[in-house]
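> show me the folded form of this:
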Amino acid sequence: MALIVCKFGGTSVASPERIQKVARRLIERKQAGNDVVAVVSAMGKTTDELVGLANAINADPPAREMDRLLSTGEQVSMALLAMAIEARGYNSMSFTGRQAGIETDATHAKAKIVKVHNDRIKKALEAGVIPVIAGFQGIDARGDMTTLGRGGSDTTAVAVAWGIGADVCEIYSDVDGVYTADPRICPHARKLDEISYDDMLEMSGAGSGVLQMRAVEFAKKYHVVIHSRSAFTDTEGTYVKEATDMMEEAVITGIAHDTSEVKVTIRGVPDNTGVAAKLFSALAGNMVNTDMIIQNVSEDGVTDISFTCPGADLARARETLDRIVPEIRAREVSVDEDIAKVSLVGTGMKSSPGVAAKAFSVLGEAHINILAISTSPIRLSMVIDAGQVASAVQLLHTAFGLDSDSVFEETQLSAEEIAAKMNKGR
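Okay, the predicted model is just below:
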C-alpha cells in the first residue's frame, strides 16, 4: 500500500464531467489499497475571471484582498470534488490551505511555504477519508490568506507530499509527461521516462510549463519524487527524481522555449563604477526579476545595458527606469516585446564541449539571429525573434538527435485551449 498525493490542474477540473472523472480516478487508487490525498487548482479559467472582476472594481487592488479573492477559486474545486467522491459512497473532506496546515510567509501573491502542519490530513487518512486540499494558497503568521503565485498548486502538492511522507506526488495535467520539447510546436518531441531534478529545474526556469519551478525546487530539497502524468489516460508519465548515470548519458535532455519575456535596453549609460549596481538594485527593489544581462563595450565613456525580464514585470520595470535613468544620466530606454528565449538543457553538457558552437551554427544556417546568450553548466539560452521560435526549436531538436519517429497528436484540448496555453504569459 502506498501513500499518494494526486494534484489536478485547472483543465482536469474544468467542468462537472471532468470533476466526476477525477473522483473516479481517486476512488480507483483507493480501491487498489492506497491512501490518497488530492490537491486541486481552480476550475478552468476561474483565476483569470477573478482577476478581471477585481480590475473592474479597482485598477490597483490591495494585495491582501486579491489573495483573499483568488483563493476562492480552488475552494470551489475542492468542495465539488469532495461532493463527487461522497456521491460514490466514499468518505471525503475538503480543506483550505489554512485547514491543511500550509503556513507561508507574508508575501502576498508570491508567498513561500515555511511549514506544513500535517495533523488534520493525517487524522483524515487514518479515518479512511480521501482529503481534498485547495492548492495555491496558505496562511501567514498573522492569519491572513496568502497565495503562492501562478502554478502554485504544484508547490502545494509537493509540500503536502513532503509533510505527510508520501511515496510519490502525482501531478496530473493535460499532457502525459515531460517532453524533449513542447510537442505542440515540435511534433517529433519525445516523452521522457524520467528526468533529474536539476534538468527539470532548468527546463521549468527556461519556459517549460509542465511543472512549476518552485515545486521542483521543493521536491529536490526534500527528495520528493514527482510523477508528471495525464489526467485523461492511465499511461505512465515522467518521473522527476535524483539523477542516475543513465540520465547523464544524453548530452541534451530537452529544449525549452519562453515567449513571455521582454528585452529592455538602456542606451548611453555612463561607464562609471557603481552605475550597474544602482540600476539593478533599483529594479530588484521594485520586484523586477531580471534574467539575461548584456553590457556592450564602452565607447567614449558610455555603454548600452540590456536585460530580459518577464512581461508581467514590465510595468514595474518602466516605473523604475523612469526614475533611475535620469539619476544615472543615461540617454534613453527601449523595449522589445517581440522576443523569445530558446534553451538547451542537459546534465551531459558539463562534459561535452561544442554544444554552443553547434547550436549557433544551426541557427546561423537558418538565418536566425541571436540577440543575447546566457549559460550555466547544464543550460544554454539564446534570445531570438519571437516569430522564429518554432523553427529554432524544431531545428535544434533535430540537430541534437532528440526527434522521435512518432508524431505527437493533441486530443484532449480544444483549439481555443491550445491557443490560450501557447499565449500564456504574453
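
> for the spatially most central residue of the chain, give me its contacts.
The chain has Gln212 as the residue nearest its centroid, 2.9 Å off, counting by CA atoms, centre = their mean. Contacts for Gln212 were tallied using CB atoms under 8 Å, 6 or more residues apart in numbering; they are 150-152, 154-155, 204. All C-beta atoms are positioned from the backbone trio N, CA, C, and that covers glycine.

> and the residues you listed, which is closest to Asn286?
Arg150 (19.2 Å; CB to CB).

> so where is this protein shaky, pLDDT-wise?
The model of the chain has pLDDT under 70 over residues 245-249, 408-426.

> repeat the analysis, applying 50 as the threshold.
For the chain, the stretches flagged by pLDDT under 50 are 411-426.

> mind listing the helices for it?
For the chain, helices defined by DSSP state H occupy the ranges 16-31, 46-57, 63-87, 119-126, 152-164, 197-205, 213-222, 275-285, 314-328, 355-365, 389-399, 415-422.

> can you give me how far the first one is from the chain middle?
Think helix 16-31. 25 Å (CA atoms, centre = their mean, to the nearest Å).

> same deal with the fifth one?
In terms of CA atoms, centre = their mean, the gap separating the centre of helix 152-164 from the centre of its chain is 14 Å.

> C-alpha coordinates for that helix, PDB please?
Provided in PDB are the C-alpha atoms of helix 152-164 (Å, rounded to 0.1, in the frame of the first residue of the first chain):
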ATOM      1  CA  GLY A 152       1.300  27.400  -7.000                       C
ATOM      2  CA  SER A 153      -0.900  24.300  -6.800                       C
ATOM      3  CA  ASP A 154       2.100  22.200  -7.900                       C
ATOM      4  CA  THR A 155       4.100  23.600  -5.000                       C
ATOM      5  CA  THR A 156       1.200  22.900  -2.600                       C
ATOM      6  CA  ALA A 157       1.100  19.200  -3.800                       C
ATOM      7  CA  VAL A 158       4.800  18.700  -3.300                       C
ATOM      8  CA  ALA A 159       4.800  20.400   0.100                       C
ATOM      9  CA  VAL A 160       1.900  18.200   1.200                       C
ATOM     10  CA  ALA A 161       3.600  15.100  -0.100                       C
ATOM     11  CA  TRP A 162       6.700  16.000   2.000                       C
ATOM     12  CA  GLY A 163       4.600  17.000   5.000                       C
ATOM     13  CA  ILE A 164       2.800  13.600   5.200                       C
END
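
> now do it and helix 213-222, the angle between them.
Between helix 152-164 and helix 213-222, the angle formed by their directions is 20 degrees, by axes from the mean of the first three to the mean of the last three CA atoms, to 10 degrees.

> just the first one next, same as before
Orientation note: helix 16-31 sits at an angle of 10 degrees relative to helix 213-222 (the same axes, to 10 degrees).

> between helix 16-31 and helix 63-87, how many degrees?
Using the same axes, to 10 degrees: helix 16-31 against helix 63-87 is 70 degrees.

> buried ones in helix 16-31?
Using 16 or more other CB atoms under 10 Å as the test for burial, helix 16-31 gives 18-23, 25-27, 29-30.

> now, of the contacts of Gln212, which are buried?
151-152, 154-155, 204.

> of all the residues you listed, which two lie farthest apart?
The farthest-apart pair in these, when distances are taken by CB to CB, is Gly152 and Ser204, at 13.4 Å.

> ok, so of the buried ones among the contacts of Gln212, who is nearest Phe8?
Asp154 (10.9 Å).

> I'd like the distance from the closest residue to that closest one other than its chain neighbours to Gly9, if you could.
Distance criterion CB to CB, 6 or more residues apart in numbering; nearest residue to Asp154, sequence neighbours excluded, is Ala215 at 3.7 Å. Going from Ala215 to Gly9 by CB to CB, to the nearest Å gives 12 Å.

> repeat for Leu380
From Leu380 to Gly9 the distance is 30 Å (CB to CB).

> repeat that for Thr180.
Thr180 is 21 Å from Gly9, by CB to CB.

> who's more crowded, those two?
Between Thr180 and Gly9, counted using other CB atoms under 10 Å, Thr180 has the larger neighbour count: 26 against 22.

> torsion angles phi and psi at that one?
phi -70, psi -20 (degrees, to the nearest 10).

> wait, it sits on Ala250?
No - between Thr180 and Ala250 there is no contact under CB atoms under 8 Å: 9.4 Å.

> my guess is Gly254 contacts Tyr179, does it?
Yes - Gly254 is in contact with Tyr179 according to CB under 8 Å; the separation is 7.0 Å.

> what is in contact with those two at once?
Leu192.

> what about those two, which has more around it?
Gly254 (27 against 23).

> and for that one, nearest residue in space, chain neighbours not counted?
The nearest residue in space to Gly254 (CB to CB, 6+ apart) is Thr180, at 4.4 Å.

> look up how far Ala189 lies from that neighbour.
5 Å.

> joint contacts of these two?
In contact with both Thr180 and Ala189: 397, 402, 404, using CB under 8 Å, 6+ apart.
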